[in-house]
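Enquirer: return atomic coordinates for the entry below.
(2 chains)
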There are 2 protein chains.
Amino acid sequence: MTGWVKIAGLGPGDEALVTPEVTAALAQATDVVGYIPYVARVADRAGLTLHASDNRVEIDRSQHALQMASEGKRVVVVSSGDPGVFAMAAAVFEAMENGPIEWRDIPVDVLPGITAMLAASARAGAPLGHDFCAINLSDNLKPWSLIEKRLRLAAQGDFAMAFYNPRSKSRPEGFVKTLEILREECEPERLILFARAVSRANEAIRISTLAEATPEMADMQTVVIVGSSLTRVIEREGAPIVYTPRFTLAEGQE
Amino acid sequence: MTGWVKIAGLGPGDEALVTPEVTAALAQATDVVGYIPYVARVADRAGLTLHASDNRVEIDRSQHALQMASEGKRVVVVSSGDPGVFAMAAAVFEAMENGPIEWRDIPVDVLPGITAMLAASARAGAPLGHDFCAINLSDNLKPWSLIEKRLRLAAQGDFAMAFYNPRSKSRPEGFVKTLEILREECEPERLILFARAVSRANEAIRISTLAEATPEMADMQTVVIVGSSLTRVIEREGAPIVYTPRFTLAEGQE
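Expert: Numbering: from 1, shown residues only, chains lettered A, B, ... in the order given. Sure, this is the predicted structure:
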């Protein structure tokens, strides 16, 4: 068997953020599978078949990739950002574990990418410069009660936080509740960043506070970053810089 | 003034994981500053001056970079991994905030990179495939009590966790305590990964459980990843795969 699967992260959008490792994998592939807008980022060429599929069919797509690899194809599964952060890697392994035992012999590699929260953090300064949590706010695959529990514990631990999938069209109330919980747990001046379409032509970074933030500031193309209690702003000409200091000792915490 | 500072992430070690954006910045630079082993990764060339400095002089190095940029130099500050994750970005902004007011006019960009925990996660499968925390276990710049608090809250929230700087030579007792705290908060079968020198020639990935883990499995070149209660292993020929499922609903949590 010469087939393989590589689960590749395309980064947030800018081609200058795609690693050479991913570019090389795409050059070797016979087949590319993924969600429509991510497959659209892969240049078509002779000998390459593009298989674009809709959102929310991650397991079907994973089974398709593994099946093609078992038949000798060289398959790249594309994700935006990093494939291991709320993306396709876990879905492919779920499909492998629940599939035919022979699928476990397929060489599968995960090729890391620049995940959205780190691209967003870089654009704003360094808001994730100290301990932080990454939380998927979608309750498609987990109960809302668990999201709420994690939000409260992360706030009580004074972690900075990054939120993926903050606000879907079908369930916009989740992010309304998220802001309410954060306002209960944190001070009103706490910094919150809305980073939309980072590294793409329509990029927009908005700096706000919990007191002033509104649910409409986020959509599914937005990564939201909430600072820790120590996160600071440096005002200057042009965009301000937001960063979380490396130290907490000076603050005399505990 | 034509000078600038770019704070660039070199990724975990493999040149195939350096983004084209970072490669382009290094090609434009007049000066590169950073910790000795990271500067050693930058190829010398005519017109480029390399300034390698020792560990724990992050603020001196940042001031040097900003000073050179204020004099018109094009300065790249190199970090391993991502500069915004326990690396140089926060130090440069701290130096900017506390430095001469003119330094705020210097164009400063952060160029993201593949951070160690995501490179490690990719190598092992997808252990960070669901909500997770990143915690720096060094108590150089924060009190141990805060680290302990964050460890307990992260465990109570059933986050997966990634630990940076788990075990220094000068303070090895911190990681001993970390394992004790995790054993109090989590079940003995909880998966723990030790990923050393990921993507480099001496890479070593070790999969263990909290019951069997020993402090000596980690050093300062290791990223440690602790799974959530749902993190699983797929056994197969060669290295097993470790992944955290995308969903928790089937487990009936809460």
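Enquirer: which parts of chain A are strands?
Expert: Along chain A, counting by DSSP state E, strands occupy A:4-9, A:31-35, A:49-53, A:74-79, A:108-111, A:125-126, A:132-136, A:160-164, A:191-196, A:204-209, A:222-226, A:232-234, A:241-243.
Enquirer: just send those strands back as TSV, with mean neighbour count and distance to A:E216 too.
Expert: No exception for glycine: its C-beta is placed from N, CA and C like everyone else's. Output for the strands of chain A, formatted as TSV (neighbours: other CB atoms under 10 Å in any protein chain shown; distance: least, CB to CB, whole Å):
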stretch	mean neighbour count	distance to A:E216
strand A:4-9	28	29
strand A:31-35	24	25
strand A:49-53	15	30
strand A:74-79	27	27
strand A:108-111	25	35
strand A:125-126	30	24
strand A:132-136	27	20
strand A:160-164	25	15
strand A:191-196	24	10
strand A:204-209	16	11
strand A:222-226	26	10
strand A:232-234	17	22
strand A:241-243	25	21
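Enquirer: export those strands to CSV and tack on distance to chain B and mean pLDDT?
Expert: Below are the strands of chain A laid out as CSV (distance: least, CB to the nearest CB, whole Å; pLDDT from 0 to 100):
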stretch, distance to chain B, mean pLDDT
strand A:4-9, 8, 98
strand A:31-35, 14, 97
strand A:49-53, 16, 97
strand A:74-79, 11, 98
strand A:108-111, 4, 98
strand A:125-126, 4, 98
strand A:132-136, 5, 97
strand A:160-164, 9, 98
strand A:191-196, 12, 98
strand A:204-209, 12, 97
strand A:222-226, 11, 98
strand A:232-234, 5, 97
strand A:241-243, 4, 98
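Enquirer: tell me how far the residue lying closest to A:I59 once chain neighbours are set aside lies from A:L66.
Expert: Nearest non-adjacent residue to A:I59, counting by CB to CB, 6 or more residues apart in numbering or on different chains: A:A95, 5.5 Å away. Separation of A:A95 from A:L66 (CB to CB, to the nearest Å): 6 Å.
Enquirer: likewise A:S170?
Expert: Counting by CB to CB, the separation of A:S170 from A:L66 is 29 Å.
Enquirer: higher neighbour count, these two?
Expert: A:L66 (24 against 5; other CB atoms under 10 Å in any protein chain shown).
Enquirer: contacting residues around the spatially closest residue to A:V78 that is not a sequence neighbour?
Expert: Distances taken as CB to CB, 6+ apart place A:G34 nearest to A:V78, at 3.8 Å, with adjacent residues excluded. Contacts for A:G34 (CB atoms under 8 Å, 6 or more residues apart in numbering or on different chains) come out as A:51-53, A:61, A:77-79, A:88.
Enquirer: adding distance to A:R200, write these out as a markdown table.
Expert: Formatted as a markdown table, the contacts of A:G34 follow (distance: CB to CB, whole Å):
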| residue | distance to A:R200 |
| --- | --- |
| A:H51 | 23 |
| A:A52 | 19 |
| A:S53 | 22 |
| A:R61 | 23 |
| A:V77 | 21 |
| A:V78 | 16 |
| A:S79 | 16 |
| A:M88 | 20 |
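Enquirer: quick check: the residue nearest to A:I59 vs chain B, distance?
Expert: For A:A95, the distance to chain B equals 11 Å [CB to the nearest CB, to the nearest Å].
Enquirer: and that residue, what's its pLDDT?
Expert: Note on A:A95: pLDDT of 97.
Enquirer: quick one: residues contacting it.
Expert: A:A95 makes contact with A:59, A:62-63, A:66, A:103, according to CB under 8 Å, 6+ apart.
Enquirer: before we move on, back to that, please name the bridge partners of the residue nearest to A:V78.
Expert: Per DSSP bridges, residues listed as beta-bridge partners of A:G34: A:A52, A:V78.
Enquirer: where in the stretch 151-254 of chain A is pLDDT low?
Expert: Counting by pLDDT under 70, the stretch 151-254 of chain A shows low-confidence ranges at A:249-254.
Enquirer: burial count for A:Q156?
Expert: 15.
Enquirer: thought it was touching B:A154?
Expert: No. With contact defined as CB atoms under 8 Å, A:Q156 does not reach B:A154; the gap is 10.7 Å.
Enquirer: residue boundaries of the helices in the stretch 151-254 of chain A?
Expert: Under the criterion DSSP state H, counting those that start in this stretch, the stretch 151-254 of chain A contains helices at A:173-185.
Enquirer: and it, which of its residues are near chain B?
Expert: Neighbours of chain B within the stretch 151-254 of chain A, by CB under 8 Å from any CB of the partner chain: A:153-154, A:156-159, A:232, A:234-237, A:241, A:243-249, A:253-254.
Enquirer: how close does the residue nearest to A:I59 get to B:A211?
Expert: Counting by CB to CB, the gap from A:A95 to B:A211 is 30 Å.
Enquirer: with A:V75 instead?
Expert: For A:V75, the distance to B:A211 equals 38 Å [CB to CB].
Enquirer: now swap in A:E237 and tell me
Expert: Counting by CB to CB, the gap from A:E237 to B:A211 is 56 Å.
Enquirer: who's more crowded, these two?
Expert: Ranked by neighbour count (other CB under 10 Å), A:E237 and B:A211 place B:A211 first, with 11 against 7.
Enquirer: if I look at the residue nearest to the more buried one when sequence neighbours are not counted, how far off is B:S208?
Expert: Nearest non-adjacent residue to B:A211, counting by CB to CB, 6+ apart: B:P188, 3.7 Å away. Per CB to CB, B:P188 is found 11 Å from B:S208.
Enquirer: number of residues surrounding the residue nearest to A:E94 when sequence neighbours are not counted?
Expert: Distances taken as CB to CB, 6+ apart place B:P245 nearest to A:E94, at 6.1 Å, with adjacent residues excluded. Counted by other CB under 10 Å, the residues lying close to B:P245 total 21.
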